[in-house]
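Asks: Have a look; sequence and predicted model below, questions after that.
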Amino acid sequence: MTIRKLILILSLLFLPLSAQAVQPDEILDDPVLEERARVISEDLRCLVCQNQSIDDSDADLARDLRIIVRERLVAGDSNYEVLEFIVARYGNYVLLDPPMNIQTLILWIGPLIIFLLGSLAVVFWYRGRNPVPEIVEEVQKGKLSAAEEKRLKEILGEEGDQ
Amino acid sequence: MMRRLPFILPLVLFAGLAIYFVFGLQRASEVGTEFVPSALIGKPFPEMNLAPLQPNKPGLKTADLKGQISVVNVFASWCVPCRAEHPMITRLAEKEGLNVIGLNYKDKPEDARNWLDELGDPYMAIGIDRDGRGGIDLGVYGVPETYVVDQEGIIRFRHVGPIQLRHLEDDILPLVEELSQ
């Protein structure tokens, strides 16, 4: 078996994994419009299954919406106008990528706010920390505590005895 | 305390967000798919003119909704929960005397007529929505769905799933009461 045949067989094996719910009769003749329809469909939630896009879903409603998306495109709508058409009927919930507005603001800027507050906390922590502990300071100055002086003498005394 | 604040604040914010999400998820799992909000609450009933299902009753025409409070019920003969809620729809029409309008969603007209012959036809008017376009204009995603439309033709309430007694008593009838004042 040549390597080419092997590649062909493997591609055919994996083809079903990439197959979509879009039925052959739905596909537009114009490949550019069809590509746009696919892009739009991937952003639209199938409301029956809720966590699939209409591009992935076999539900009847998803099919109806896919067909409407294509009809609007053929009628000359821009991608944005198609999305607006669907959102007017089903609300922002139908968009898998939520738009930034008052209702979703916390989703968008919440993490940023928490990050900023966290950074502030780190800055405050470093600033507010005790500069250098007393003991370290004394060691740096070459000073020993009373107990250490005593211990040092003991050690030196012992060494002196030997 | 003030020096601790920058540490505590992010934690409190995160806890607040976490609690909010837990409640949100719980609410979602309790009511199933009902939590999807309708985009059309407070908006006019979409323009449609659906052909009548029954020979002796009108179809669904948006202009006809003005002037009285209406209950628009999206139903189909193939929809099992529709059968379950049928007595409630009948009660809204007969006992409560409301203007109950049917939108026959993606159904064969003869199947729908047989279904209504069997269970009774409480609707004042029924429009045929064979291809489901009327449903999509309304934002329908699960049948049955029930809408309350006020005298001005504005959608005031939407319920997804079969109407049960508690929806009637807790939501629909109080709203109708409020709207009719």
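Replies: On my side now, so go ahead.

Asks: Show me the domain layout of chain A.
Replies: For chain A, automatic domain parsing gives the domain ranges A:18-97, A:100-129, A:133-162.

Asks: Most tightly packed of those?
Replies: Neighbour counts (mean count of other C-beta atoms under 10 Å in any protein chain shown) averaged over each of the domains of chain A peak at domain A:18-97, with a mean of 17. (Each C-beta comes from the backbone N, C-alpha and C, glycine too.)

Asks: pLDDT on that domain, on average?
Replies: Domain A:18-97 carries an average pLDDT of 88.

Asks: and if you look at stretch B:105-119?
Replies: Stretch B:105-119 carries an average pLDDT of 96.

Asks: Check stretch A:5-15 too.
Replies: Mean pLDDT, stretch A:5-15: 79.

Asks: got it, and stretch B:70-88?
Replies: Rounded mean pLDDT across stretch B:70-88 is 95.

Asks: what residues are up against the residue nearest to residue B:124 when sequence neighbours are not counted?
Replies: Using C-beta to C-beta, 6 or more residues apart in numbering or on different chains and skipping the chain neighbours, the partner closest in space to residue B:124 is residue B:99 (5.4 Å). Residue B:99 makes contacts with B:68-71, B:124, as judged by C-beta atoms under 8 Å, 6 or more residues apart in numbering or on different chains.

Asks: residues in chain A within reach of chain B, list them.
Replies: Residues of chain A lying near chain B by C-beta under 8 Å from any C-beta of the partner chain: A:47-48, A:50, A:60-61, A:64-65, A:68, A:87-93, A:106, A:110, A:113-114, A:117-118, A:120-121, A:124-125, A:128.

Asks: Please flag which of those residues sit within helices.
Replies: A:60-61, A:64-65, A:68, A:87-90, A:106, A:110, A:113-114, A:117-118, A:120-121, A:124-125, A:128 (DSSP state H).

Asks: Give me the distance between the residue nearest to residue B:124 and chain A.
Replies: Going from residue B:99 to chain A by C-beta to the nearest C-beta, to the nearest Å gives 24 Å.

Asks: And the strands in chain A?
Replies: Using DSSP state E, no strands are found in chain A.

Asks: Can you give me the domain boundaries for chain B?
Replies: B:1-35, B:37-179.

Asks: center of chain B, which residue is that?
Replies: Nearest to the mean C-alpha position of chain B, by C-alpha atoms, centre = their mean, lies residue B:146 at 2.6 Å.

Asks: Now the lengthiest helix in chain B: buried residues?
Replies: Longest helix of chain B, by residue count under DSSP H: helix B:5-31. Neighbour-count burial for helix B:5-31 flags B:6-7, B:9-10, B:13 (criterion: 16 or more other C-beta atoms under 10 Å in any protein chain shown).
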